[in-house]
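Undergrad: What shape does this take:
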Amino acid sequence: MTTFPVWKFDDPQGAERAVRMLEDAQSNGLVKIDDHAIVSWPAGASQPNTKHGHEETWRGAGWGSVWGLVIGTLFFMPVVGGLAGAAIGALAKATEGAGISREHLESMRSEITEGTSALFLVTEQANLDPLGDRVRMHSTLLASNLTKEERDVLLETFGGA
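TA: Numbering: from 1, shown residues only. Below is the predicted model of the structure:
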């Protein structure tokens, strides 16, 4: 099953550390990482830094579109009055067939703040319980599990393979 977990960490470097742990978990067969993106928001910065993993070129192109839309809408669009709600509403409409709900998006927007980081993953063959145990470093798991059909809808929606 394909999953779309998002982990929030209580420091700007937590997501980077988790990626290294997940790479170890992948080598042990606990997970297959299709792609990942990191949002790191240093204390005092006006906006976060982002980094796309590009695990595989053909998959990276499709998920890069997803990361760009989700992360761009959540963290880089002007947040003035009702514009934030409208932007999240539009994003939720675009991702509703892919198992990413408005509630998940609003949670990401409100919980990933200055002084934190987040790891956005697309995984297959993941057992989230032992995987979560490996990355439990002052983190919060905000997960949306995707079926194969939901994953296909998401990649189709955003130009993926």
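Undergrad: which stretches of the chain have low pLDDT?
TA: Low-confidence segments of the chain, defined by pLDDT under 70: 1, 54-67, 76-87, 94-99, 126-129, 131-132, 134-138, 142-146, 150-151, 153-161.
Undergrad: Tell me where it has strands.
TA: Here the chain has its strands, by DSSP state E, at 2-9, 32-41, 49-52, 116-124, 139-145.
Undergrad: Identify whichever of these lies nearest to E103.
TA: Nearest of the strands of the chain to E103, taken as C-beta to C-beta: strand 139-145 at 9.6 Å. No exception for glycine: its C-beta is placed from N, CA and C like everyone else's.
Undergrad: For the chain, which segments count as helices?
TA: Here the chain has its helices, by DSSP state H, at 14-27, 57-71, 83-95, 102-111, 128-134, 148-157.
Undergrad: CA-only coordinates of the first one in PDB, if you can.
TA: Taking only C-alpha atoms (Å, rounded to 0.1, in the frame of the first residue of the first chain), the coordinates of helix 14-27 have been written out as PDB:
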ATOM      1  CA  GLY A  14      14.700  16.900  12.800                       C
ATOM      2  CA  ALA A  15      13.400  16.100   9.300                       C
ATOM      3  CA  GLU A  16      17.000  15.700   7.900                       C
ATOM      4  CA  ARG A  17      17.900  13.300  10.700                       C
ATOM      5  CA  ALA A  18      14.700  11.300  10.000                       C
ATOM      6  CA  VAL A  19      15.600  10.900   6.300                       C
ATOM      7  CA  ARG A  20      18.900   9.300   7.300                       C
ATOM      8  CA  MET A  21      17.000   6.900   9.600                       C
ATOM      9  CA  LEU A  22      14.500   6.100   6.900                       C
ATOM     10  CA  GLU A  23      17.300   5.300   4.400                       C
ATOM     11  CA  ASP A  24      18.500   2.800   7.000                       C
ATOM     12  CA  ALA A  25      15.000   1.400   7.400                       C
ATOM     13  CA  GLN A  26      14.700   1.100   3.600                       C
ATOM     14  CA  SER A  27      18.000  -0.900   3.500                       C
END
